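**Q** Next come a sequence and a model predicted from it.
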Amino acid sequence: MTHEAGRQRGKTAPGRMRRRDFLAHTGKAGAALAAIAGTNWLTGQAPAFAQERTLHVLEWSSFVAPADVERGRQAAEFGKQAGVKVTVEHINANDLPARATAAIEGGTGPDILQLLSNYPLLYSAGLDDHNDLIAELGGDEIYPFIREAVRDENGVHRGVPNFFGGGANVYRKDIFEEVGIAGPPATWDEYLEAGKKLKHYGMPVGQSLGHTFGDAPGFAYTLLWCFGGKEVDEGGRVALNSKETANAVDFLKEFWLAACDEGGLAWDDTSNNRAFLAETIAVTLNGASIYFVARNDPRKVAPGFADRLGHFLIPEGPHGRYHGVGPFTNCITRYSANKEAARDYIRFVHQDDNFEKFLVINKGYVNGPLPKWQEHPMWEEDPAVTIYRELPQYGRNLGYAGPYNRQSSEAFAKYIIVDLFAKAVRGDSTQSVIESAERELKAIYEA
């Protein structure tokens, strides 16, 4: 599909027509799900549910604020149709684990927890069996790397992946041109040379190496993989202490000092967004939210700012190109007294017409759980975000090349791989940081 074709389609079949064309070719529409659920959502006819039920959903506060608004709209629509009072509570993503722990240990709280990464496996004892919902909402068609985030050792799915996020490098095309960078770097060595020019110019690479859920792990893990390093091997045995890991650490030591804003050691997932929009950095690994704000919020940037932005994938290393993928999963708690309403709500937000609205509002910031969503016309309508459609082919889970299990999740929660690199750029020796991280990993995997 060419960009010209996308533009012509936009002229001849805008708005609802484009959506109908897409849904007509993707099948499995809401009517089928309604039949399974015993509910006629598409006609708006209210099902025969009790009228006094409530449903509490806990979610992150999205960096694309209109996505939270759309989620609230859908919750209200579901509540009206189902006779359920729905409350969607949004909190900082870094606070979700603490809230989930308190709710599950206390046996009270939200009916649906939105959990990131493979945290459903950490909390599996407090989460319901979702096998039937998985079968209804895609089954084996759901991307393996997000199904693995919820399937426990007994084959029970402890949630339903709703979407996943991932990063690409957003960059200032005008600054790259001004300092003599021919185009987006394809390899890490090219990125290092580009970064030197950018830092000398006064607008370096911006990257978090702090304790935050998205940007820092998304950078650290993929850098490790690109150089051939890995936490564990295919059998789950700790394999971090290798020349490949040492090469990755040594590269970042040079890259950090030569190319990066060194304040990134203390950054969270909002810091690089603010720095980029404030024009103090020229490139950063991020979801599409920076571009989304630049394109749609004139209060944040000068006119025309978004037109100066482009994106490129994580560079290729000696062992290939990789991207981290971050599943966002809806999990029904075992203690919930409203499980049937919770199940119907999950069916509702996965309905094609509802998920399409959510996907389009995110403008490339999220990817759908099924491959069919990569074919949505949205990806071609704005070439600036088209590249995010490529993330699934490079996506790997935490703990790669080993299983995506409770141990890999614990290692992630303890920021072992992030700290491996953070300690190195602070000045610790390569071997000492590897040995320290290796001990921590063995305490998890070999306990």
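**A** Yep, it's here.
**Q** show me where the stretch 301-447 of the chain has strands.
**A** 309-312, 323-324, 326-332, 366-367, 395-396 (DSSP state E, counting those that start in this stretch).
**Q** Touching the last one from outside, list them.
**A** With contacts defined as C-beta atoms under 8 Å, 6 or more residues apart in numbering, strand 395-396 is touched by 143, 145, 164, 166, 221-222, 225, 322-325. Glycine gets a C-beta too; all of them are placed from N, C-alpha and C.
**Q** For it, which strands pair with it and how are they oriented?
**A** strand 323-324 (parallel) (DSSP bridges).
**Q** How about residues contacting the strand it pairs with?
**A** Against strand 323-324 from outside (C-beta under 8 Å, 6+ apart): 166-168, 217-218, 221-222, 313-314, 391, 394-396, 398.
**Q** Among those, which one lies nearest to residue 237?
**A** Nearest to residue 237, judged by C-beta to C-beta, of these is residue 398 at 16.4 Å.
**Q** what's the neighbour count on residue 116?
**A** The number of residues packed near residue 116 is 23, by other C-beta atoms under 10 Å.
**Q** which residues sit in contact with it?
**A** Counted by C-beta under 8 Å, 6+ apart, residue 116 has contacts 60, 93, 96, 213, 326-329.
**Q** if we go to 7 Å?
**A** Residue 116 is in contact with 93, 96, 213, 326-328, counting by C-beta atoms under 7 Å, 6 or more residues apart in numbering.
**Q** Dump the strands of the stretch 301-447 of the chain to CSV, plus mean pLDDT.
**A** Output for those, formatted as CSV (pLDDT from 0 to 100):
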stretch, mean pLDDT
strand 309-312, 96
strand 323-324, 92
strand 326-332, 95
strand 366-367, 92
strand 395-396, 90
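**Q** hmm, back to that, adding neighbour count and distance to residue 175, write the contacts of residue 116 out as CSV.
**A** Formatted as CSV, these follow (neighbours: other C-beta atoms under 10 Å; distance: C-beta to C-beta, whole Å):
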residue, neighbour count, distance to residue 175
93, 21, 30
96, 20, 35
213, 23, 29
326, 23, 28
327, 26, 34
328, 23, 32
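**Q** Let's see the ChimeraX selection covering just the buried ones among the contacts of strand 323-324.
**A** Remark: buried members of the contacts of strand 323-324, expressed as a ChimeraX selection using 16 or more other C-beta atoms under 10 Å:
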select :166,167,168,217,218,221,222,313,314,391,394,395,396,398
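**Q** check which helix or strand covers residue 210.
**A** Using DSSP states H and E, residue 210 sits in no helix or strand.
**Q** Is the closest residue to residue 103 other than its chain neighbours in a helix, a strand, or coil?
**A** Of all residues not flanking residue 103 in the chain, residue 109 sits nearest, at 3.1 Å (C-beta to C-beta, 6 or more residues apart in numbering). At residue 109 the chain is in coil, as set by DSSP: H, G, I helix; E, B strand; the rest coil.
**Q** can you count the residues close to residue 109?
**A** Neighbour number of residue 109 under other C-beta under 10 Å is 18.
**Q** Please tell me the pLDDT value assigned to it.
**A** Residue 109 is assigned a predicted lDDT (pLDDT) of 97.
**Q** For the stretch 301-447 of the chain, just list every one of the helices.
**A** Taking DSSP state H, counting those that start in this stretch as the test, the helices found in the stretch 301-447 of the chain are 339-350, 352-362, 378-381, 391-394, 406-413, 416-426, 430-445.
**Q** could I get those helices as TSV with distance to residue 293 and mean pLDDT?
**A** Shown next, in TSV, are those (distance: least, C-beta to C-beta, whole Å; pLDDT from 0 to 100):
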stretch	distance to residue 293	mean pLDDT
helix 339-350	24	98
helix 352-362	12	96
helix 378-381	18	90
helix 391-394	20	92
helix 406-413	27	89
helix 416-426	25	98
helix 430-445	35	98
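**Q** Those helices: which one's closest to residue 125?
**A** helix 406-413 (10.9 Å).
**Q** Residue 113 is in contact with residue 331, isn't it?
**A** Yes - using C-beta atoms under 7 Å, residue 113 is in contact with residue 331, at 4.8 Å.
**Q** Show me which positions of stretch 139-153 end up buried.
**A** So stretch 139-153, judged by 16+ other C-beta under 10 Å, has buried residues 142-143, 145-152.
**Q** got the contact list for that stretch?
**A** With C-beta under 7 Å, 6+ apart, stretch 139-153 has contacts from 117-118, 120-121, 124, 134, 157-159, 161, 164, 325, 327, 329, 369-371, 392, 395, 397, 404.
**Q** what residue ranges in the chain are flagged as low confidence?
**A** 1-52 (pLDDT under 70).
**Q** Apply 50 and report the result again.
**A** 1-20, 22-46, 48-51 (pLDDT under 50).
**Q** Outline the domain layout of this protein.
**A** Structural domains assigned to the chain are 3-165+326-383, 168-324+414-445, following automatic domain parsing.
**Q** Can you report how many residues neighbour the closest residue in space to residue 155 that isn't next to it in sequence?
**A** Using C-beta to C-beta, 6+ apart and skipping residues adjacent in sequence, the residue nearest residue 155 is residue 131, 7.9 Å away. Using other C-beta under 10 Å, residue 131 is surrounded by 14 other residues.
**Q** Settle this for me: residue 131 is touching residue 154, isn't it.
**A** No - counting by C-beta under 7 Å, residue 131 sits too far from residue 154 to count as a contact (10.4 Å).
**Q** The spatially closest residue to residue 130 that is not a sequence neighbour: neighbour count?
**A** Once flanking residues are discounted, residue 130 sits nearest to residue 157: 4.5 Å by C-beta to C-beta, 6+ apart. Residues lying near residue 157 (other C-beta under 10 Å) number 25.
**Q** Next, work out how far apart residue 157 and residue 128 are.
**A** 10 Å (C-beta to C-beta, to the nearest Å).
**Q** mind listing what residue 275 touches?
**A** 206, 281.
**Q** could we number from 8 for the rest of this?
**A** Noted, 8 is the first residue going forward, which turns the last one into residue 282.
**Q** Pull up the gap between it and residue 200, please.
**A** For residue 282, the distance to residue 200 equals 22 Å [C-beta to C-beta].
**Q** Same check on residue 212?
**A** Going from residue 212 to residue 200 by C-beta to C-beta gives 12 Å.
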